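Enquirer: this one's structure only:
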């Protein structure tokens with residue numbers, strides 16, 4: 001009897017393992033899967049997608065655990081998720097490992113990155129959302145005034161007296177928009193370069209533990225920390241136009257049940273400015289409101305939801 005029980009247990013475990021390796025089941029009744037981002041901007045856009053899709057179709061949208069941007073892309077390409085908020089510059093330099101110089105003359109970075117991603121990985125960008133969330137370099141206004149710094153070129157002379165701090169990802173080697181190439185491009189020899197936890201970055205600036213940091217241009221925390229955003233006067237950083245990045249097969253899956261799905265998602269196109277997105281992230285990061293609450297309020301103001 002014990003022998004048969006052991007065989008039954010072994011068979012059950014085998015079936016569970018095989019089920020786990022079989023991948024997700026996709027069909028016209030299956031939900032759209034989104035893994036969330038670590039930043040409030042991505043979380044806001046993902047919530048807007050969920051609200052719009054569920055109000056205008058019979059499709060359910062599942063927003064799952066947060067992942068780093070690189071892992072979000074890997075999950076999307078693998079087919080374990082269906083869409084993510086992204087940026088054309090990130091797609092080009094971090095995910096596709098290309099550079100701005102690779103964009104053919106006469107083509108926009110957006111078009112080239114989207115077409116290359118479609119050919120290589122089966123994913124593409126939808127229409128731009130209207131704002132650009134590029135990398136930017138910020139420092140306290142008082143410190144910038146003390147050293148007379150307005151541009152990144154101005155920063156070169158003062159850099160040996162200043163400590164640069166940023167999240168670990170900026171010190172990584174994936175993509176060209178990172179600390180090493182940036183420092184070399186602008187001839188910046190900082191007193192020290194500190195890799196710190198993302199959640200501690202702004203408090204480190206406010207407490208004087210670091211002097212200069214990399215930020216995203218529409219991050220509401222820039223406003224709270226009273227950072228001066230330095231002009232990228234030699235155009236090191238690529239464009240980072242926000243857009244939804246989707247698996248191209250997504251719309252084929254719902255061709256019969258929701259043929260208007262792509263049009264619904266593109267309702268977000270052109271809805272944002274740098275200023276409006278900064279205000280939205282400020283509500284989440286500083287005022288403590290939930291991404292879902294802020295997203296719903298924004299869509300109502302835009303007349304996209306009842």
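Expert: Cool, the structure landed. All figures in this text were calculated on a predicted structure; none of them were measured in a lab.
Enquirer: residue ranges with poor pLDDT in the protein?
Expert: Scanning the chain for pLDDT under 70 picks out the ranges 1-25, 173-176.
Enquirer: Spatially central, which residue of it would that be?
Expert: residue 86 (4.7 Å; CA atoms, centre = their mean).
Enquirer: I'd say that one and residue 246 touch.
Expert: No - in this structure residue 86 lies outside contact range of residue 246 using CB atoms under 8 Å: 9.5 Å. Heads up, the C-betas are built off the backbone N, CA and C, glycines and all.
Enquirer: Find the residues that touch each one of these two.
Expert: residue 125 (CB atoms under 8 Å, 6 or more residues apart in numbering).
Enquirer: you'd agree residue 50 is up against residue 57?
Expert: No - counting by CB under 8 Å, residue 50 does not reach residue 57; the two are 11.4 Å apart.
Enquirer: With residue 215 as the reference, measure out to residue 166.
Expert: 9 Å (CB to CB, to the nearest Å).
Enquirer: sorry, that was for residue 205
Expert: Residue 205 is 9 Å from residue 215, by CB to CB.
Enquirer: Can you give the distance of stretch 51-64 from its chain's centre?
Expert: Distance of stretch 51-64 from the chain centroid (CA atoms, centre = their mean, to the nearest Å) equals 20 Å.
Enquirer: tell me the contacts of residue 54?
Expert: So residue 54 contacts 60, 61 (CB under 8 Å, 6+ apart).
Enquirer: so it is in which element?
Expert: helix 40-56 (DSSP states H and E).
Enquirer: The helix or strand following that helix pairs with which strands, and in what direction?
Expert: Counting by DSSP H and E, the next helix or strand C-terminal to helix 40-56 is strand 61-66. If you go by DSSP bridges, strand 61-66 pairs up with strand 32-36 (parallel).
Enquirer: Can you give the contact residues for the strand it pairs with?
Expert: Outside strand 32-36, the residues touching it (CB under 8 Å, 6+ apart) are 24, 42-43, 46, 49-50, 53, 59-67, 71-72, 75, 80-84, 250.
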